[in-house]
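>>> here is a sequence with its predicted model. Questions after.
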Amino acid sequence: MTEFMACGEARIAYDVCGSGPALIMMHGAEASRLMFSALVPLLAPHFTVVIYDQRDCGETEAPLRPATLAELAADAAALVAGLEFERAHVFGSSFGGRVAQALAALYPQAVDRLALGSTWPLPRSLVELNPAGAERIRELRQRLPDTAEELATWFFPAPFLAERPEMRRIFANVAAASARTRRRATAVESSIDIDWRTMDLPVLLLAGELDHVVPKDLTLGMASRLPRSEQAVLAGVGHATALQAPVAVASQLLRFLSSPAHAH
């Protein structure tokens, strides 16, 4: 059942499931906590899994202005504290990985181990790092729902779409441009510079082999700044890893988060 917590000016919608060490999961740019629906049951036997909606997503209520990345990190830190976790493991996917980076840099006391999936390094923008891809995706989003099937090919490989044809229309129901979606787009473009030397914690860099939105080298390349990082590539998987390959993602998270080699 959905619960709500006041975090500053926001009222954050969240779900808690399972038992064990805390694991907070952060969704992508235009998603909600529901993107983890298939992943939660696989992890709940091992962790107290918390999924939540960021500002201007899902059921979360927030001021009618764009959030900043620093505010989104503060919301996550408030959630960890409000649920009375001493600290939590964190998994951030795509833009959620940006929120996770900001959380770990600004609130290092809140984070135990960090898993960054299909994401790119702060403070650089995706437009800067993957200009052709970012521009094409922006064009396709502007013409939804007519472009839903082509947009899906950016997020999922062709063999997966052939097996799961219903996913070809996953973007058909994306809300037309509204004040809320414009606020969210501004939030996604916001960034902060961080001191990477503060990121002295175990980090998993998880990438889809066939990711066209955030090519895997952008995610794996963060290893040069993260001395305690390890890398994993999901073969045959695109950008939306939690939707395409929840079993493989859960397996990697369980292996990484449970490894005694990473114990403090």
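Perfect, thanks for sending it.

>>> give me the contact list for the longest strand anywhere in the chain.
What stands out as the longest strand in the chain, according to DSSP state E, is strand 10-18. Here strand 10-18 makes contact (CB atoms under 8 Å, 6 or more residues apart in numbering) with 1-6, 33, 40-41, 43-53, 55, 58-63, 75, 78-79, 83. Heads up, the C-betas are built off the backbone N, CA and C, glycines and all.

>>> so which residues of this protein form helices?
For the chain, the helices defined by DSSP state H occupy 40-43, 69-82, 95-106, 126-129, 131-142, 148-155, 158-163, 179-189, 216-220, 241-244, 246-258.

>>> buried residues in the last one, which are they?
Spelled out, that is helix 246-258. Residues of helix 246-258 classed as buried by neighbour count (16 or more other CB atoms under 10 Å): Pro246, Ala248, Val249, Ala250, Gln252, Leu253, Phe256, Leu257.

>>> what do you get for the second one?
If you call a residue buried by 16+ other CB under 10 Å, then helix 69-82 has these buried ones: Leu69, Glu71, Leu72, Ala73, Ala74, Asp75, Ala76, Ala77, Ala78, Leu79, Val80, Ala81.

>>> I'd like the distance between the last one and Thr241.
Computed as CB to CB, to the nearest Å, the Ala81 to Thr241 distance reads 28 Å.

>>> if the nearest residue to Ala88 once chain neighbours are set aside is in a bridge, with which residues?
Closest residue to Ala88 apart from its sequence neighbours, by CB to CB, 6 or more residues apart in numbering: Ala22 at 3.8 Å. With DSSP bridges applied, Ala22 shows beta-bridge pairing to Thr48.

>>> which residues does Ala22 contact?
Going by CB under 8 Å, 6+ apart, Ala22 touches Phe47, Thr48, Val50, Val80, Leu83, Phe85, Arg87, Ala88, His89, Asp112.

>>> just the pLDDT at the fifth one, thanks.
What that stands for is Leu83. According to the prediction, Leu83 has pLDDT 98.

>>> same thing with the second one?
Among the per-residue scores, Thr48 holds a pLDDT of 98.

>>> how many other residues sit next to it?
By the criterion of other CB atoms under 10 Å, Thr48 has 19 neighbours.

>>> same check, this time on the one 3 residues further on
The criterion is other CB under 10 Å. On that basis, Ile51 has 24 neighbouring residues.

>>> so where is the stretch 101-250 of the chain shaky, pLDDT-wise?
175-176 (pLDDT under 70).

>>> and the contacts of stretch 226-236?
Here stretch 226-236 has contacts from 157, 159-160, 196, 199-210, 216, 220, 222-223, 241, 245, 248-249, 252, 256, 262, using CB under 8 Å, 6+ apart.

>>> wait, Asn130 touches Leu218, no?
Yes. Between Asn130 and Leu218 there is a contact at 6.9 Å, judged by CB atoms under 8 Å.

>>> which residues are in contact with each of these two?
With CB under 8 Å, 6+ apart as the test, Asn130 and Leu218 both reach Trp120.

>>> which of the contacts of strand 10-18 fall within strands?
Taking DSSP E as the definition of strands, the contacts of strand 10-18 contribute Glu3, Phe4, Met5, Ala6, Thr48, Val49, Val50, Ile51, Tyr52.

>>> my guess is the fifth one meets Ser19, correct?
Yes. If you go by CB under 8 Å, Thr48 and Ser19 touch, sitting 5.7 Å apart.

>>> confidence score at Met1?
79.

>>> residue contacts, it?
Asp15.

>>> distance of it relative to Tyr14?
In this view, Met1 and Tyr14 are 11 Å apart by CB to CB.

>>> next one: Leu140
Taking CB to CB, one finds Leu140 at 31 Å from Tyr14.

>>> same check, this time on Gln109
Taken as CB to CB, the span from Gln109 to Tyr14 is 20 Å.

>>> ok, and the closest non-adjacent residue to Arg225?
Nearest one to Arg225, counting by CB to CB, 6+ apart, is Trp196 at 4.4 Å.
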